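# what follows is a predicted protein model with its sequence.
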Amino acid sequence: MTYDFQFDAVFASWDYLLDGAWLTVRLSFGAMAIGLVVAILCALGKTSGPKPVRWLINAYIEIIRNTPFLVQIFLIFFGLPTVGLRLSPDVAAMIAMVVNVGAYATEIIRAGIESIHKGQIEAGLALGLRPLQIFRYIILKPALRTVYPALTSQFILLMLSSSVVSAISADELTSVANNIQSQTFRSFEIYIVVTGIYLVLALMFSALFAGIYRLAFAYTVDRR
Amino acid sequence: MIRAFGYNEFLFLLSAVQWTLLLSVIAFLGGGIVGLFVALARTSDVKPLRWVSTGYIQIFQGTPLLMQLFLVFFGATVIGIDMSPWVAAAVGLTLNTSAFLGEIWRGCIQSVPRGQWEAASSLGLRYPGLMRYVILPQAVKVAVPPTVGYLVQVIKGTSLAAIIGFVELTRAGQIVNNATFQPFLVFGIVAAIYFALCWPLSLLSQRLEARYAAPSR
């Protein structure tokens, strides 16, 4: 028996798929932005905070990095309502993504911060910069520049892993695909198209990140 | 009817760990074998081999693992095979792992200094001997820490098999939660089991990395 491919069902729901893709993009960027702030704060705490803070941040990082994202989502979406915090799937998805990417990005940014030479900070102090200025211009920006490739590939991984939040039916791309699938039964056709959309999104993200790099970090550094 | 979470439920979760482990081992071994060929193709002098392997890696790294599992699961029907979620998960995870290990190992093979390749070939070694006796033994040393680290990703990745209906640890957690409705307790235990599996591997990977990084060059 040869299989009869029918893509009509997929293209009939094209609008719906685009809505899903748009939510995937919004969730990803939202989680990236908030996750980046969380990661910068945690990396700062881990490199220069008091011991209990460092210990807490380490526990957070190790727990998140050594358990599956899917289980983290279940804990947040099914667990939090039992303590009286009822969340919509979209909000739960967002929280799970922030918590997850925050842990990975903390480790990446910490590595960047630790790559800054102590003499740089001393030079900043000698020039009379305020602590916040030193952190912003001498530590954070060069650190982010150093780890930029690792950080952005982590963000792309985040976007791809957002498909897992379909397990709690947040209305992103994979969920939309599941819905269309259950209405039309053209499973393979839908999932191959959606996989293609994810691939395009991943390529668009990496092009965008390359553009941002050129705008923000494309100064030459004299490393002597 | 809501059941209480008791000893039996806990045993059910523990017994599901064997499926998580089995799936991880299959994905890791299968992915390792395919991944070795991917890495060799990726570093080969033959251009078409490089293109194909680069495309393979790009596709698997540029799309969600969940989609890959769905495509294997539903794609099998397209070619007329009735595939159980178990086989689909094993095949999907193997392919995914092979792409990631292939890319990790490509870096390890390329980290062997060019002079080693030249020396080996000037000694008259052909490709198989050159790889077998000169390049791979040196590449393996570099490859061990990131490979152990990637094993953690493989174990965590098996949780997605739950979504296509295979009863491993995460799916078992869902089943128990549906019966007892104690999500914090159930998924907390599930997370703790995953942590107990993954954390030692993470630590081992870090330790190996520190040990291999220290004395060389």
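Yep, that arrived. Computed from a predicted structure; not experimentally measured.

# what parts of chain A come near chain B?
A:1, A:3, A:62-63, A:65-72, A:74-75, A:78-79, A:82-83, A:160-164, A:166-167, A:174, A:187-188, A:191-192, A:194-195, A:198-199, A:202-203 (Cβ under 8 Å from any Cβ of the partner chain). Yep, even glycine has a C-beta here, placed from its N, CA and C like the rest.

# of those residues, just the buried ones, ChimeraX syntax please.
A single ChimeraX command is used to select the members of those judged buried by 16 or more other Cβ atoms under 10 Å in any protein chain shown:
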select /A:62,63,65,66,67,68,69,70,71,72,74,75,78,79,160,161,162,163,164,166,167,174,187,188,191,192,194,195,198,199,202
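
# helix or strand: which one has B:Leu36?
Following DSSP states H and E, one finds B:Leu36 within helix B:7-42.

# on that earlier part again, among the residues of chain A next to chain B, which lie within helices?
A:62-63, A:65, A:69-72, A:74, A:160-161, A:174, A:187-188, A:191-192, A:194-195, A:198-199, A:202-203 (DSSP state H).

# circling back: close to chain A, is the next helix or strand after the helix holding B:Leu36?
For helix B:7-42, the succeeding helix or strand toward the C-terminus, using DSSP H and E, is helix B:47-61. Yes - using Cβ under 8 Å from any Cβ, helix B:47-61 comes into contact with chain A via B:Ile59.

# now the helix or strand just after helix B:47-61, how far from the chain's geometric center?
Proceeding N to C from helix B:47-61, the next assigned helix or strand is helix B:65-78, under DSSP H and E. Centre-to-centre, helix B:65-78 and its host chain are 17 Å apart (Cα atoms, centre = their mean, to the nearest Å).

# mind listing what's buried in helix B:65-78?
So helix B:65-78, judged by 16+ other Cβ under 10 Å, has buried residues B:65-76, B:78.

# may I ask which two of those are separated the most?
By the measure Cβ to Cβ, B:Leu65 and B:Val78 form the most distant pair in these, at 19.9 Å.

# need phi/psi at residue 85.
Just going to use chain A. Main-chain dihedrals, A:Leu85, degrees, to the nearest 10: phi -110, psi 90.

# distance of it relative to chain B?
According to Cβ to the nearest Cβ, to the nearest Å, A:Leu85 stands 12 Å off from chain B.

# count of neighbours near that residue?
Neighbour count for A:Leu85, taken as other Cβ atoms under 10 Å in any protein chain shown: 11.

# pull the contacting residues for it.
By Cβ atoms under 8 Å, 6 or more residues apart in numbering or on different chains, the contact set of A:Leu85 is empty.

# check A:Val98 too.
Taking Cβ under 8 Å, 6+ apart, one finds A:30-31, A:34-35, A:38 in contact with A:Val98.

# secondary structure element for it?
Per DSSP H and E: helix A:89-114 holds A:Val98.

# next structured bit after that helix?
helix A:118-126.

# filter the buried residues of helix B:65-78 by proximity to chain A?
Contacts with chain A within the buried residues of helix B:65-78, as defined by Cβ under 8 Å from any Cβ: B:65-68, B:70-71, B:74-75, B:78.

# which secondary structure elements does the biggest helix by length in chain A contact?
For chain A, the helix with the greatest residue count under DSSP H is helix A:14-48. Packing contacts for helix A:14-48, counted by 3 or more Cβ pairs under 8 Å, 6 or more residues apart in numbering or on different chains; DSSP states H and E, involve helix A:51-65, helix A:89-114, helix A:141-161, helix A:173-184, helix A:187-217.

# hey, which of those is tucked in deepest?
Highest mean neighbour count among the helices and strands packed on helix A:14-48 (mean count of other Cβ atoms under 10 Å in any protein chain shown): helix A:89-114, with a mean of 22.

# and the angle for that one with helix A:51-65?
Counting by axes from the mean of the first three to the mean of the last three Cα atoms, to 10 degrees, helix A:89-114 lies at 120 degrees to helix A:51-65.

# below-threshold pLDDT in the chain: ranges please.
Since you didn't name a chain, this refers to chain A. Within chain A, the stretches with pLDDT under 70 are A:1-2, A:220-224.

# try chain B instead
Ranges of chain B meeting pLDDT under 70: B:1, B:214-217.

# near chain A, which residues of it?
By Cβ under 8 Å from any Cβ, the residues of chain B that approach chain A are B:59, B:62-68, B:70-71, B:74-75, B:77-80, B:152, B:156-157, B:159-160, B:162-163, B:170, B:173-174, B:177, B:182-184, B:187-188, B:190-191, B:194-195, B:198-199, B:202.

# that older thread, and the longest helix of chain A, what's buried?
A:17, A:20-21, A:23-25, A:27-28, A:31-32, A:34-36, A:38-40, A:42-47.

# ok, A:Val25 - contacts?
A:Val25 neighbours (Cβ under 8 Å, 6+ apart): A:159, A:201.

# give me the number of residues near residue 88?
This is for chain A. Neighbour count for A:Ser88, taken as other Cβ under 10 Å: 11.

# let's do chain B instead
23.

# B:Phe73 is in contact with that one, correct?
Yes - counting by Cβ atoms under 8 Å, B:Ala88 does reach B:Phe73; the two are 3.9 Å apart.

# which neighbours do the two share?
Counting by Cβ under 8 Å, 6+ apart, the residues touching both B:Ala88 and B:Phe73 are B:Ile164.

# give me the residues contacting stretch B:134-146.
By Cβ under 8 Å, 6+ apart, stretch B:134-146 touches B:104-105, B:108-109, B:111-112, B:116-117, B:119-120, B:125, B:205-206, B:208-209, B:212.
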